[in-house]
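Trainee: requesting a structural model of the entry that follows:
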Amino acid sequence: MIKGITFDLWDTVFIDDSDEPKRRAAGRPSKAVERRQLVHRFLAQHQPIDPATVEVVYNAADAAFRKVWHDHHVTWTVGERLDIIFKALKRELPEPERKELVRLHEEMELEFRPDFVPGVHEALAALHKRYKLAVISDAIFSPGRCLRTLLADEGLLSYFDAFIFSDEIGYSKPAPIVFKTAMEKLGLAAHELVHIGDREHNDILGPRQAGMHALLCTAAVDRGAANSSADAVFNDYGRLPELVDALNRKEENGK
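Mentor: Model prediction:
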């Protein structure tokens with residue numbers, strides 16, 4: 001019997017990069033460009049530095065982050081990533097300036113906010129009355145504290161009973177400890193949980209290997225639904241309650 005549902009956030013609850021058109025409309029560069037501009041601006045206040053050099057080093061740090069994320073299921077914090085950049089550039093910032101640069105990186109998606117997947121508000125409002133709910137999300141630039149703010153300002157935070165963010169737990173999906181932590185926080189066994197997400201490797205194979213059920217959400221983007229090993233696929237949040245009910249019926253019939 002399904003008693004709990006865990007949700008990925010990006011491209012499952014929020015639509016990734018849906019803030020970019022809003023940034024362009026306001027005359028602002030993309031997030032990627034602005035991050036590099038910020039590092040250059042902060043460093044250049046102390047000593048001249050070529051913007052192209054900053055970009056090359058920032059790109060290398062991004063590539064290293066993605067490799068560690070994919071291969072070792074760890075997401076470095078923004079502070080750790082910036083420290084790697086500073087070390088490569090042989091530069092330092094006074095701690096108050098370093099903290100401000102970290103904050104500006106982390107809160108970029110609070111200034112221009114992502115759109116939410118259509119129907120997710122109504123689905124969460126209905127599901128939290130029947131199930132324990134949790135968030136399991138990787139933190140790439142926006143940390144758990146900012147992701148909580150995005151949920152809170154939409155009136156969704158209170159629907160969730162637990163939060164597992166990679167910057168807070170030290171590991172990212174599909175590391176088994178991530179899903180085990182969700183089980184512990186919700187007080188439920190693996191077979192009593194279903195995970196909802198958009199990536200086959202992280203959100204389907206990960207939870208299934210942990211003994212959980214998994215549903216692939218294509219409401220924001222379809223990353224290969226035709227070849228998914230998910231228990232089911234949906235592109236409309238209006239279908240989610242019935243899909244969870246179907247999992248329960250399947251489990252009952254299998255007994």
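Trainee: pLDDT below threshold where in the stretch 101-250 of the chain?
Mentor: By pLDDT under 70, the stretch 101-250 of the chain contains no weakly predicted segment.
Trainee: now the helices: where do they sit in it?
Mentor: Under the criterion DSSP state H, counting those that start in this stretch, helices of the stretch 101-250 of the chain are mapped to 108-111, 120-127, 144-153, 166-169, 176-186, 206-209, 240-254.
Trainee: check which residues of the longest one are buried.
Mentor: Taking 16 or more other C-beta atoms under 10 Å as the basis for neighbour counts, the residues of helix 240-254 that come out buried are 240, 243-244, 247. For glycine as for every other residue, the C-beta is placed from the backbone atoms N, C-alpha and C.
Trainee: elements contacting that helix?
Mentor: Applying 3 or more C-beta pairs under 8 Å, 6 or more residues apart in numbering; DSSP states H and E, we find helix 240-254 packed against helix 120-127, strand 193-197, strand 213-217, strand 232-234.
Trainee: deepest-packed of those, please.
Mentor: strand 193-197 (a mean of 27; mean count of other C-beta atoms under 10 Å).
Trainee: re earlier: let's have the buried residues of helix 240-254 in a markdown table, adding distance to Leu216.
Mentor: Shown next, in a markdown table, are the buried residues of helix 240-254 (distance: C-beta to C-beta, whole Å):
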| residue | distance to Leu216 |
| --- | --- |
| Leu240 | 12 |
| Leu243 | 10 |
| Val244 | 14 |
| Leu247 | 13 |
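Trainee: how far away is Cys217 from Ala52?
Mentor: Look at Cys217 and Ala52: by C-beta to C-beta, to the nearest Å, they are 40 Å apart.
Trainee: also Ile204?
Mentor: 40 Å.
Trainee: burial count for Gln45?
Mentor: Neighbour count of Gln45, defined by other C-beta atoms under 10 Å: 9.
Trainee: and this structure, what are its domains?
Mentor: With domains defined by automatic domain parsing, the chain comprises 4-17+114-254, 20-111.
Trainee: which of the ones you listed is buried the deepest?
Mentor: Ranked by mean neighbour count under mean count of other C-beta under 10 Å, these are led by domain 4-17+114-254, which reaches a mean of 19.
Trainee: excluding its backbone neighbours, what's nearest Arg98?
Mentor: Leu82 (7.1 Å; C-beta to C-beta, 6 or more residues apart in numbering).
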